[in-house]
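Trainee: The following block contains a protein sequence and its predicted model.
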Amino acid sequence: MKNSVSLTGIERTFDEDDIIVSKTDLKGRITYANQTFLKIADYTEREVMGQPHSIIRHPAMPRCVFKLLWQTIASGNEIFAYVINRTKHGDHYWVYAHVTPSFNSDGEIIGYHSNRRVPDKVIVNEFFAPLYKDLRAEELRHDNRKDGMASSERMILDVLTKHGVAYDEFVATIGQQNRRGYR
């Protein structure tokens, strides 16, 4: 499935009571997508099943954040993150994601499960959109993609170190902290 889509600049939203749900296998291929996911992303179930979850990855989303996310869930832990996604037709939408590993009865990770809710727009606009813009700019500043991601990863780790928190705590508390001049 083609992954290059012209961006429209149009932001999509969904209802506060809606939850976007998807499940993937260990390689990140979609094994389940609820109707809310399909509706906001403009895909049919047939189009997404078996496709990489990155089908909805927006190019403004820093690769270093996904690296952190994958490292966390692959180690068996849950993570919360603010994510910008894109639709099939190039619109975008922000989510507050909760991603967890799925385990079998032997305690082995067999896939991943993500619930996404409407994010706090103040937090997105005042903090995460500018932060992600800086991280992506750093990634793109380098000719080598791996060097760019390593550099942006150092940037986000510096932010976390500066505030003395892990990423999940940072995401969970940024709203309270940002309103008190946390930046």
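Mentor: That came through fine. Since this is a predicted model, take the numbers as computed values, not measurements.
Trainee: what about the helices in this protein?
Mentor: Along the chain, the stretches classed as helices by DSSP state H are 35-41, 45-48, 63-74, 121-123, 129-141, 145-163, 167-178.
Trainee: Show me what residue 84 bridges to in the sheet.
Mentor: For residue 84, the beta-bridge partners are residue 94 (DSSP bridges).
Trainee: What is the burial count for it?
Mentor: Other residues lying near residue 84 total 22 when counted by other Cβ atoms under 10 Å. Placement of C-beta: from N, CA and C, glycine included.
Trainee: I figured it hits residue 94, correct?
Mentor: Yes - counting by Cβ atoms under 8 Å, residue 84 does reach residue 94; the two are 5.3 Å apart.
Trainee: got any ranges where the chain has weak pLDDT?
Mentor: 1-4, 175-183 (pLDDT under 70).
Trainee: Report the contact partners of the residue most central in space within the chain.
Mentor: With distances taken as Cα atoms, centre = their mean, residue 83 lies nearest the centre of the chain, 3.5 Å away. Residues in contact with residue 83, defined by Cβ atoms under 8 Å, 6 or more residues apart in numbering, are 61, 65, 94-95, 97, 116.
Trainee: Need the max-distance pair from the residues you listed.
Mentor: The distance between the two most remote of the contacts of residue 83 (Cβ to Cβ) is 14.4 Å, for 65 and 116.
Trainee: What separation do you get for residue 168 and residue 76?
Mentor: 13 Å (Cβ to Cβ, to the nearest Å).
Trainee: next one: residue 159
Mentor: Taking Cβ to Cβ, one finds residue 159 at 25 Å from residue 76.
Trainee: more neighbours, the two?
Mentor: Legend: neighbour count by other Cβ under 10 Å for residue 159 and residue 76, higher for residue 159 (16 against 12).
Trainee: show me the contacts for the residue nearest to residue 42 when sequence neighbours are not counted.
Mentor: Among residues not flanking residue 42 along the chain, residue 88 sits closest, at 3.9 Å (Cβ to Cβ, 6 or more residues apart in numbering). Contacts for residue 88 (Cβ under 8 Å, 6+ apart) come out as 5, 41-43, 47.
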